[in-house]
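Peer 1: no FASTA, just this:
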């Protein structure tokens, strides 16, 4: 079902937010006694990472707070949906952190827009490194929330990093599965061809040639309206129109496919022994990814699949009713386990 552009446009937030935030009801200034945001930087494996830390109302660094790491979608940045959920969680009493992935957004790293799973997983660990040293954070009460591609990478991080005591995903996107097989297995016949292109791209980079990119073309509204999948059609309007941010882009280096195609978050889901919450819209065309990963999470005794009735993948990013449903479940989940 097509979502009208008028509905999407109604969620648009002012883009002149002093912190660059583009989601609705974003913090525009730090006010004493309310949720505040701190723009921070730290080094991760020689790369300067740009992150936002949200602190609860009346934050007191001498007190002890649970904390949550939030991982953003593929192509997204910290100022969009990940920032929205980080702010809402801070309103519920958590110290939260959301960072731009290395090589992406406002974080450093060259060439730009490298998108390798190992890097994205390390980014999540790096956020944990930073926030567990933040004043007032109780490192024994650390949670993890991943959205879209960040959800897949969060699952992968939690498989081995047991600092995360509870793990949640929203509209999880299994990046490796899709880069390998295509969305809903639409590119099975071209795997070897795409691997050859990625190999050639890496060879060209190694020789000092131009860095090649995939998904680098600009999409018009007319082209988006003809797309067969809600994810890409609605994603165009979210990322390019209503919640556009100059640091956000769909493109990634073609050579990244060498790593992406060999990755699948579902491979080691049995290693997750922490409490697990996976949330997805009932109308999300990505639902099959959440369902598959959830079914393979055999190592935990505490897991729940929460379906947001009526929501598509992208609508869980901004539609107030769906965001509220997700937030109510997150508050219940993290409240029980952190």
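Peer 2: Nice, I can see it. It should be emphasised that the depicted structure is a prediction, and the values quoted were computed from it without experimental measurement.

Peer 1: Quick check, pLDDT for residue 16.
Peer 2: Listed pLDDT for residue 16 reads 78.

Peer 1: quick one: it is in a strand?
Peer 2: No - the assignment for residue 16 by DSSP: H, G, I helix; E, B strand; the rest coil gives coil, which leaves it out of any strand.

Peer 1: Let me know how buried it is, in neighbour terms.
Peer 2: Applying the criterion other Cβ atoms under 10 Å, we find 7 residues in the vicinity of residue 16. For the C-beta atoms, the positions are set from N, CA and C on the backbone; glycine is no exception.

Peer 1: Repeat that for residue 36.
Peer 2: Other residues near residue 36 number 18, with proximity taken as other Cβ under 10 Å.

Peer 1: Kindly give the local confidence score, pLDDT, for the closest residue to it other than its chain neighbours.
Peer 2: Excluding the flanking residues, the one nearest residue 36 by Cβ to Cβ, 6 or more residues apart in numbering is residue 30, at 4.3 Å. Confidence per residue is given as pLDDT, and for residue 30 that number is 98.

Peer 1: Look up how far residue 39 lies from residue 30.
Peer 2: Distance from residue 30 to residue 39, counting by Cβ to Cβ, to the nearest Å: 10 Å.

Peer 1: One more: residue 250?
Peer 2: From residue 250 over to residue 39 the distance is 25 Å, taken as Cβ to Cβ.

Peer 1: Give me the more crowded residue out of those two.
Peer 2: Looking at residue 250 and residue 39 with other Cβ under 10 Å, you find the greater number of neighbours at residue 250, namely 20 against 12.

Peer 1: Give me the contact list for stretch 309-327.
Peer 2: 3, 11, 23-24, 80-81, 84-85, 88-89, 92, 147-148, 170-171, 173, 230-231, 234-235, 237-238, 242-243, 279-286, 306, 308 (Cβ atoms under 8 Å, 6 or more residues apart in numbering).

Peer 1: Go through that stretch and flag the buried ones.
Peer 2: Residues of stretch 309-327 classed as buried under the neighbour-count rule (16 or more other Cβ atoms under 10 Å) are 311-319, 322-323, 325-327.

Peer 1: can you redo those as TSV with secondary structure, pLDDT and distance to residue 130?
Peer 2: Below are these laid out as TSV (DSSP: H, G, I helix; E, B strand; the rest coil; pLDDT from 0 to 100; distance: Cβ to Cβ, whole Å):
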residue	secondary structure	pLDDT	distance to residue 130
311	coil	98	32
312	coil	98	33
313	coil	98	29
314	helix	98	29
315	helix	98	31
316	helix	98	27
317	helix	98	25
318	coil	98	27
319	coil	98	31
322	helix	98	30
323	helix	98	26
325	helix	98	30
326	helix	98	25
327	helix	98	24
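
Peer 1: I am finished for the moment; much appreciated.
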